[in-house]
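1. Need a 3D model of the following:
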Amino acid sequence: MAARRQSFSSAVARWHADETAVGSPLNAAEVASMRRTRVFGATGTVLMAIGALGAGARPVIQDPTFGVRLLNLPSRIATVSLTMTTTGAVMMALAWLMLGRFALGRRRMSRSQIDRTVILWALPLLIAPPMYSKDVYSYLAQSQIAKMGLDPYQVGPAPGLGLDHVFTLSVPSMWRETPAPYGPLFLWLGSGISTITGDNIVAAVLCHRLVVLFGVGLIVWATPRLARRCGVAEVSALWLGPCNPLLFMHLVAGIHNEALMLGLMLAGTEFALRGVEATDRLIPRPPHWPRTRADASQWLPLVMLVTGTVLIAMSSQVKLPSLLAVGFVAMALACRWGGTVKAFLVASVSLSAISVAVMALVGWASGLGFGWIFTLGTANVVRSWMSPPTLVALGTGQVGILLGLGDHTTSVLGLTRAMGVMIIAVLVTWLLLAVLRGRLHPVGGLGVALGATVLFFPVVQPWYLLWAIVPLATWATRPGFRGTTITLSLIVAIFGPTANGDRFTLVQILDATLASVLIVAILFAVTYSRLPWRGLPESDNGAAESAPEAPVAAPGKPDAYAESS
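-> This is a model prediction of the structure:
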């Protein structure tokens, strides 16, 4: 036991020594301030995890906290639990904002310091009940349907499993009759989880969270590499993307499959662009299979390109929007080959063929085929205020009612959503051509295209913002973009979700909000002199400042892809 304690103490000592080592980008005072900020955010995620025991999206039956005195207490004081969850979310968001002082300036924290921050903030949420959404229970039901050999793209949880099934009971009522809108790769993974866990809802939820953790790991792996490719500081990209409070709240705590989609898409984009950078022309077929290492090396760019395309195609079999990455990789490849019509056709057809082959293989191997194509509009029944086309239609409908013209919201909704889709198509086409001509970096084009998709999508959920935020964090450095992203992230993280608000009355939500404001105000007063609310602490050792990284030039066209800082 003594040896274990000594080993733990040694590990903690090494942890702190790494952050205060000579040559660290931050001085001792800044490291101490950064640590306190990190602990402040971790305290917030711990409060979120505890509050989720009463305010989270717990299952209707098989609730592991039911009957356990201590764990069941938060469910009996729902308003207090909601207050804890809201307060924790605000604390984490404010800690993230303060952490930006160590990530966006000339003196930045090290890569290991921000990696440890991500791990520390995520750990409490890994064992917490699902939060802010019950989508994970739909995942379980649809995966169980696939496991039983039924078609989840034809039947919903209620007709497929029955209303009294353990998974169906926890699915929101509006989704019990609807088929699955997700790709076959995700449901294939889910059916494998169902095979392992059976009807144990807690074990199945934890396994889905492991899938999310794998996706987040891919995001953290790919983000700094794509940032280096675009000439952006790794720490700045990691702070704005993977360390964003929306990722912790909705991907880790909410268990959304966007984590797997984004992870595969970003990793695939990184691999594919590695191949593009090393591929100057079509590789001719050699007269014999290469045997020496030198001969085999000529195949490496092609292998990287194909591997990246396969990963992107696999990500589209979780959710379709990530398939846009294939188009921008193809345009980057065509630009590398000279930007001619022939290069455009060869690159587009080749990568499209690989993507279609991957989709066909996944559909055949999973036994689910291409039925997902016909259920992509399932979520359109939701009238999301975060979607501008939907918001315009709802506002127009209300104006018509006030003027005595009748309620024409549904008709206007069809028109505005169709216009939104047309705008997306035009903008994506323009961005693809900009990449083909070497005027735009493919990563930047992908991020802007996904941003436009989210902006004009018929339905927008808070976690959809990560589709654009994460790739754009690796490319865009303009203060206007970063300021807008920070503002949106804070607003959506603090005011967007209400911790499964359909289970709470308006009075409970107002009480929890007022209590959270009071608690955060007290914490602000107590920590005002210890946390970097006003700015970074004064330098005490003259540590060298971190120089900004130079932008990376476009393949074949110097400075064509650079994003001005």
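
2. need the contact list for T390.
-> Counting by Cβ atoms under 8 Å, 6 or more residues apart in numbering, T390 makes contact with R383, S384, L413, T416, R417, P458, V459, V460. Using the backbone N, CA and C atoms, a C-beta is placed for each residue, glycine as well.

3. Repeat the analysis, applying 7 Å as the threshold.
-> R383, S384, L413, R417, P458 (Cβ atoms under 7 Å, 6 or more residues apart in numbering).

4. which SS state does it fall under?
-> On the three-state scheme (DSSP: H, G, I helix; E, B strand; the rest coil), T390 is labelled helix.

5. coming back round to it: would you convert the contacts of T390 into JSON lines that also reports distance to A78 and secondary structure?
-> Below are the contacts of T390 laid out as JSON lines (distance: Cβ to Cβ, whole Å; DSSP: H, G, I helix; E, B strand; the rest coil):
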{"residue": "R383", "distance to A78": "27", "secondary structure": "coil"}
{"residue": "S384", "distance to A78": "26", "secondary structure": "coil"}
{"residue": "L413", "distance to A78": "34", "secondary structure": "helix"}
{"residue": "R417", "distance to A78": "36", "secondary structure": "helix"}
{"residue": "P458", "distance to A78": "33", "secondary structure": "coil"}
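
6. is it possible to export those residues to a markdown table including neighbour count, pLDDT and distance to S350?
-> A markdown table is the format used below for the contacts of T390 (neighbours: other Cβ atoms under 10 Å; pLDDT from 0 to 100; distance: Cβ to Cβ, whole Å):
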| residue | neighbour count | pLDDT | distance to S350 |
| --- | --- | --- | --- |
| R383 | 16 | 71 | 41 |
| S384 | 18 | 71 | 37 |
| L413 | 20 | 78 | 39 |
| R417 | 21 | 82 | 34 |
| P458 | 22 | 84 | 32 |
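
7. Out of these, which comes closest to S315?
-> P458 (21.1 Å; Cβ to Cβ).

8. Name the nearest residue to that closest one, ignoring sequence neighbours.
-> Nearest residue to P458 in three dimensions, chain neighbours excluded: R417, at 4.5 Å (Cβ to Cβ, 6 or more residues apart in numbering).

9. quick one: that neighbour and P389 touch, right?
-> Yes. Applying Cβ atoms under 7 Å, one finds R417 in contact with P389, separated by 5.0 Å.

10. Now do the shared contacts for these two.
-> By Cβ under 7 Å, 6+ apart, R417 and P389 have these common neighbours: P458.

11. What lies in contact with the strand or helix carrying I193?
-> Using DSSP states H and E, I193 maps to helix 184-197. For helix 184-197, contacts defined as Cβ under 7 Å, 6+ apart pick out 139, 142-144, 146-147, 152, 180, 203-204, 207-208, 211, 257, 260, 314, 317-318, 362-363, 366, 368, 372.

12. all helices of the stretch 201-350 of the chain, in order?
-> Using DSSP state H, counting those that start in this stretch, the helices of the stretch 201-350 of the chain run over 201-230, 234-240, 245-246, 258-277, 293-296, 300-316, 324-336, 341-366.

13. Of those, give the one that comes closest to I522.
-> Nearest of the helices of the stretch 201-350 of the chain (Cβ to Cβ): helix 245-246, 20.9 Å.

14. Remind me what the closest one packs against, helices and strands.
-> In this structure, helix 245-246 makes packing contacts with helix 78-99, helix 479-495, judged by 3 or more Cβ pairs under 7 Å, 6 or more residues apart in numbering; DSSP states H and E.

15. Return the most buried member of those helices.
-> helix 78-99 (a mean of 24; mean count of other Cβ atoms under 10 Å).

16. and that helix with helix 479-495, angle?
-> In terms of direction (axes from the mean of the first three to the mean of the last three Cα atoms, to 10 degrees), helix 78-99 departs from helix 479-495 by 160 degrees.

17. which element follows helix 78-99 toward the C-terminus?
-> Heading C-terminal from helix 78-99 (DSSP H and E), you reach helix 111-126.

18. What is the burial count for the residue nearest to W121 when sequence neighbours are not counted?
-> Excluding the flanking residues, the one nearest W121 by Cβ to Cβ, 6+ apart is T45, at 5.1 Å. If you count neighbours by other Cβ atoms under 10 Å, T45 ends up with 27.

19. tell me the SS of T45?
-> With three-state DSSP as the criterion, T45 reads helix.

20. That one against M91, yeah?
-> No. Counting by Cβ under 7 Å, T45 does not reach M91; the two are 8.4 Å apart.

21. excluding its backbone neighbours, what's nearest L240?
-> Per Cβ to Cβ, 6+ apart, closest to L240 is A473, 3.9 Å.

22. From what I see, that neighbour and A237 are in contact.
-> Yes. Applying Cβ under 7 Å, one finds A473 in contact with A237, separated by 4.7 Å.
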